[in-house]
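Asks: Dropping a prediction and its sequence here:
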Amino acid sequence: KAIAIELKESDYMKVIVQAEKRTLFFDYVYAALNLHASTILSILRSYPNVLRSGVGFVSTRDDCIVIRAYRSRNVAESLRYKKILDFMWADQEVVK
């Protein structure tokens, strides 16, 4: 199995584009950002389609995997993460 990790300090748009391109050549691709996990989740709520590509996300600031990578052919996995993000978004709307 081939794994790629795209690293960026904070340029999330660039890392998303590059990581999505790498899914054509690697089994698993991660985008690692030096941002808090909560910030990465907020970004992903704005770009939910990136989850369909199978790219995983890592917070180097919090030293954790935020979203686990999966093979892009496994669309069912992307739907699971989309439901989690939708739930988190709805939960935040109630708090406001």
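Replies: Right, received. Where do you want to start?

Asks: In the one helix or strand I5 maps to, which of the residues would be classed as buried?
Replies: In this assignment (DSSP states H and E), I5 forms part of strand 3-8. For strand 3-8, the neighbour count (16 or more other CB atoms under 10 Å) marks 4, 6, 8 as buried. (C-beta placed from N, C-alpha, C; glycine too.)

Asks: okay, the angle between the next helix or strand after that strand and strand 3-8?
Replies: Toward the C-terminal end, the helix or strand that comes next after strand 3-8 (DSSP H and E) is helix 12-22. Here helix 12-22 runs at 160 degrees with respect to strand 3-8, directions being taken by axes from the mean of the first three to the mean of the last three CA atoms, to 10 degrees.

Asks: mind listing the helices for the chain?
Replies: Listed from the start of the chain, the chain has helices (DSSP state H) covering 12-22, 37-46, 75-95.

Asks: contacts for the shortest one?
Replies: Right, the one you point to is helix 37-46. The set of residues external to helix 37-46 that reach it, using CB atoms under 8 Å, 6 or more residues apart in numbering, is 12, 33, 35, 50-51, 57, 59, 61-62, 64, 66-67, 85, 88-89.

Asks: Selection in PyMOL covering whichever of those residues are buried, please.
Replies: Applying 16+ other CB under 10 Å to the contacts of helix 37-46, the buried members can be selected in PyMOL as follows:
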select buried, resi 12+33+35+50+51+57+59+66+67+85
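
Asks: Among the contacts of helix 37-46, name the ones in strands.
Replies: Among the contacts of helix 37-46, the members falling in strands (DSSP state E) are 33, 57, 59, 64, 66-67.

Asks: just to revisit the earlier point, so which of the buried residues of strand 3-8 sits lowest on pLDDT?
Replies: pLDDT across these is lowest for K8, at 88.

Asks: Low-confidence regions, this protein specifically.
Replies: Along the chain, the parts satisfying pLDDT under 70 run over 72-85, 87-96.

Asks: one more time with 50, if that's ok
Replies: Along the chain, the model assigns pLDDT under 50 to residues 94-96.

Asks: Quick check: chain neighbours aside, which residue is closest to L7?
Replies: Excluding the flanking residues, the one nearest L7 by CB to CB, 6 or more residues apart in numbering is A32, at 4.8 Å.
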